[in-house]
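Sequence and predicted structure, then a few things I'm wondering about:
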Amino acid sequence: MEKRAHFSGWTLPLLLIVPQMAITIIFFYLPASQAIWQSFLREDAFGLSSEFVGFENYSAVFEQPEYYRAMVTTVIFSTLVAFFSLAVALLFATQADKSLRGGHAFKTLLIWPYAVAPAIAGVLWMFMFHPTLGTLGRPLNILGFNWNPMLDGKDAMILLVLSATWKHVSYNFLFFLAGLQAIPKSVIEAGAIDGAGPVRRFWTIIFPLLSPTTFFLLVVTIVYVFFETFGIIDAVTGGGPAGTTTTLVYKVYADGRSGGDLGLSAAQSVVLMVIVIALTAIQFRYVERKVQY
Amino acid sequence: MAGVTLDTVRKIYAGNVEAVKGVSLGIEDGSFCVLVGPSGCGKSTLLRMIAGLETISDGEVKIGDRVVNQVEPADRDIAMVFQNYALYPHMTVYDNMAYGLKNRGTPKDEIEKRVKEAARILAIESFLTRKPRQLSGGQRQRVAMGRAIVRKPQVFLFDEPLSNLDAKLRVQMRVEIKRLQKALGVTSIYVTHDQVEAMTLSDKLVVMSGGQIEQVGTPSDVYRRPETRFVATFIGSPPMNILPGKVEGPGRVSVGGQVITVTDMRDGLTPGSAIEVGLRPEDVQAGGAGSSSLSMDVDFVEELGATQLFHGKVAGADFVVQASTGQIPAETRRLTLSVDPANVHLFDPQTTRRLGKA
């Protein structure tokens, strides 16, 4: 079913697409091309002059052991956040889908975290799990767990995964709930009559029928973890302790803003852009084929 | 195989809405029972209670000798065909039919044997590897039937299975369902709002309205001797004409001053009291000045091919007459109708119940 609007002239259709095009060009193509251009330049320490250095910035990036460490960190971080935010959201959505008393309030409350700014979410979790001040961090230490995200890289990662997951569950929850509600009730009932218990029904009927939603959310969540968790990382750990929570996007910022090496930073962001485009392309090409329905 | 017994079954939804108001019904083993009624009459709710998809607020549902009120749908040994087919969209036709057997741990070769057999009966062998979305409506309907018959259940439940099909296919599937049910001999309960389906399929016809049973009987019983005005106007197409009348004496009523004689009339009705006179459009004849005749003003004629419907008024009330094409000239503006006393149905205007011989 195709819907086409027919225009007699060129003026109106052009005017209609101008705002969208302007936004895309100003906020995406312009900065992206500037980043690509900058990745071939080297600036002096005071930012007064720059010279063309070809691929030198790129080779510098790939010679840094820190860069590979950031890559590993990113993989661990994104895998954990993607898995937990999808799993928890699915669990909540299946519960919210049952018509329970107070279900409406439950749904509304679940959506709230999405409205919280990443940096605020980060600060919130940082205080809660602060080893000496935190309402949860302090009891952990009193109970004998050696919890200190400010000194221990593993603790810092756990805290980041917690806050990044918490922030993104709402989003995934909404889509899963919509996906669940789109499954015809009679299909589930047919499953019940066909002798499948609730668990079996979930894994053999509901989950396969949700796979398009799951796939879409996987792509969105990965992009989220790659880019948008910057605010949380900056507020909670600042990439530390000792670089253990520096992801690729945080390293772009650290090298460019704090390190002052714009060329190196630009080269990294171009690499990051390529990685994300490649990941998304792979997901669409290979994962989507296995998506049922 | 087993019969189904309902004993004062009630369904009360939140907010005290009573969807089914104490229905009692016995469905004999191997019979084809059709529940028919307008939408919202509680027929689907009743079926879903038998299936176990709705809880039973009060009363008892028995399949065979077993009370199943608290039994899970899966353990009731029933199979259901849904209105929208409810096929599993992500499974092939084969897997759709095998799913119920797999869940019950049936051995693989047995599953294959049964699915192949069902596919043969329903002529869907060539689609076994396809997904439901690659099938037409009629083919999906067959798969839904196949999913029901592979399980060899005690009872088949049908929830308006043909209403999503086009008219031609509906007639064809109706015949097939009837043939299949006769061949398998499985007790079947079929819900529909289509009175033609109801008449043609059922051994036992149950007419429902407002959460209650209006009448139970064979299709011809229900057609010939409707117990209430609702049943009279619901079963039969075009619906029965209802005229306001007056009791004249034993076996005699009048409509707009014209007296007609009636065979099936209750004794002891007070002369002069109001009564409703029901006449089926196909039961009145044009012409012929017998003992009972009515005059009708014709407004317009509907052509149905083999028959014509004359719409007009008798004694100020709407009236329809069905006649074979050519029997009455289409330009006729005034008709004299003769009425067979055996074909007159009388109803109490207050209770709407039939005022026939006790």
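All right, it came through fine.

just checking, next helix/strand downstream of the helix or strand harbouring A:A70?
Element membership for A:A70 (DSSP states H and E) is helix A:65-97. Downstream of helix A:65-97, the next assigned helix or strand under DSSP H and E is helix A:103-111.

Run through the neighbouring helices and strands of the helix or strand B:T200 falls within.
Assigned by DSSP H and E, B:T200 belongs to helix B:195-201. In terms of contacts (3 or more C-beta pairs under 8 Å, 6 or more residues apart in numbering or on different chains; DSSP states H and E), helix B:195-201 is packed against strand B:32-36, helix B:167-184, strand B:187-192, helix B:219-224. For glycine as for every other residue, the C-beta is placed from the backbone atoms N, C-alpha and C.

helices and strands around the first one, which ones?
Secondary-structure packing of strand B:32-36 (3+ C-beta pairs under 8 Å, 6+ apart): helix B:43-51, strand B:187-192, helix B:195-201, strand B:204-209.

Buried ones in it, by neighbour count?
For strand B:32-36, burial by neighbour count (16 or more other C-beta atoms under 10 Å in any protein chain shown) applies to B:F32, B:C33, B:V34, B:L35, B:V36.

Could you work out the most separated pair of those residues?
Maximum pairwise distance among those (C-beta to C-beta): 12.6 Å, between B:F32 and B:V36.

Relative to B:M97, which of the helices and strands packed on helix B:195-201 is closest?
With C-beta to C-beta as the criterion, B:M97 lies closest to helix B:167-184 of the helices and strands packed on helix B:195-201, at 14.7 Å.

sorry, back to before: what separates the helix holding B:T200 from the chain centre, distance-wise?
Centroid displacement of helix B:195-201 relative to its chain, using C-alpha atoms, centre = their mean, to the nearest Å, is 5 Å.

same thing with stretch A:190-208?
When C-alpha coordinates are averaged (C-alpha atoms, centre = their mean), stretch A:190-208 and its chain have centres 31 Å apart.

Please say whether there is contact between that stretch and chain B.
Yes: with C-beta under 8 Å from any C-beta of the partner chain as the criterion, chain B is reached by stretch A:190-208 at A:A190, A:G191, A:A192, A:I193, A:D194, A:G195, A:A196, A:G197, A:R200, A:T204, A:I205, A:P208.

Just the buried subset of those, written out for ChimeraX, thanks.
Applying 16+ other C-beta under 10 Å to those, the buried members can be selected in ChimeraX as follows:
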select /A:190,191,192,193,194,195,196,204,205,208
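
before we move on, the earlier item: just say which of the helices and strands packed on strand B:32-36 is most tucked in.
strand B:187-192 (a mean of 26; mean count of other C-beta atoms under 10 Å in any protein chain shown).

Go through the residues of stretch A:190-208 next to chain B and flag which are in helices.
With DSSP state H as the criterion, helices contain A:A190, A:G191, A:A192, A:I193, A:R200, A:P208 from among the residues of stretch A:190-208 next to chain B.

any low-confidence regions in chain B?
B:1, B:288-291 (pLDDT under 70).

was I right about A:G239 contacting A:I233?
Yes: between A:G239 and A:I233 a contact is recorded at 6.3 Å, counting by C-beta atoms under 8 Å.

got the buried residues of strand B:32-36 as a markdown table, with distance to A:W10 columns?
Below are the buried residues of strand B:32-36 laid out as a markdown table (distance: C-beta to C-beta, whole Å):
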| residue | distance to A:W10 |
| --- | --- |
| B:F32 | 67 |
| B:C33 | 67 |
| B:V34 | 63 |
| B:L35 | 62 |
| B:V36 | 61 |
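
for those residues, which one is nearest B:R147?
Closest approach to B:R147 among the buried residues of strand B:32-36 (C-beta to C-beta): B:F32, at 19.3 Å.

and B:M97, how far is that from A:E63?
61 Å (C-beta to C-beta, to the nearest Å).

Looking at these two, which one has more neighbours?
In terms of neighbours (other C-beta atoms under 10 Å in any protein chain shown), B:M97 is the more surrounded of B:M97 and A:E63; the figures are 30 against 8.

residues near the nearest residue to A:G256 once chain neighbours are set aside, how many?
Distances taken as C-beta to C-beta, 6 or more residues apart in numbering or on different chains place A:S265 nearest to A:G256, at 2.8 Å, with adjacent residues excluded. The burial count assigned to A:S265 is 24, neighbours taken as other C-beta under 10 Å.

swap in B:G15?
Burial of B:G15 is recorded as 5 neighbouring residues (other C-beta under 10 Å).

B:A342 too?
Look at B:A342: counted by other C-beta under 10 Å, it has 11 neighbours.

Distance of the nearest residue to it once chain neighbours are set aside relative to chain A?
Closest residue in space to B:A342, ignoring its immediate chain neighbours: B:T263 at 4.6 Å, by C-beta to C-beta, 6+ apart. For B:T263, the distance to chain A equals 48 Å [C-beta to the nearest C-beta, to the nearest Å].

that's a strand at B:T263, yeah?
No: read with DSSP: H, G, I helix; E, B strand; the rest coil, B:T263 is coil and lies in no strand.

Tell me if I'm right that it and B:V339 touch.
No: counting by C-beta under 8 Å, B:V339 is not a contact partner of B:T263; they are 10.9 Å apart.

In terms of neighbours, single out the busier of those two.
Legend: neighbour count by other C-beta under 10 Å for B:T263 and B:V339, higher for B:V339 (23 against 12).

residues touching that one, list them.
Residues near B:V339 by C-beta atoms under 8 Å, 6 or more residues apart in numbering or on different chains: B:I260, B:L279, B:D283, B:V284, B:Q285, B:G290, B:S292, B:S293, B:L294.

Look at the residue nearest to the last one when sequence neighbours are not counted and give its secondary structure.
Leaving aside its chain neighbours, B:L294 sits nearest to B:L337 (4.7 Å; criterion: C-beta to C-beta, 6+ apart). When classified by three-state DSSP, B:L337 comes out as strand.

Ok, B:V259 next?
Look at B:V259: counting by three-state DSSP, its state is strand.

Run through the bridge partners of it.
For B:V259, the beta-bridge partners are B:S254 (DSSP bridges).

Tell me the residues on the stretch 1-150 of chain B that lie near chain A, please.
B:51-53, B:72-74, B:78-80, B:82-84, B:86-90, B:99-100, B:103-104, B:147.

mind listing what the residue nearest to B:A342 touches?
B:T263 makes contact with B:G251, B:P341, B:A342, B:V344, according to C-beta under 8 Å, 6+ apart.

And the closest residue to B:A330 other than its chain neighbours, which helix or strand is it part of?
Leaving aside its chain neighbours, B:A330 sits nearest to B:V301 (5.1 Å; criterion: C-beta to C-beta, 6+ apart). Assigned by DSSP H and E, B:V301 falls within strand B:293-303.

what does that strand rub up against?
Against strand B:293-303 from outside (C-beta under 8 Å, 6+ apart): B:255-256, B:258, B:260, B:284, B:308-315, B:319, B:321, B:325, B:330, B:332-339.
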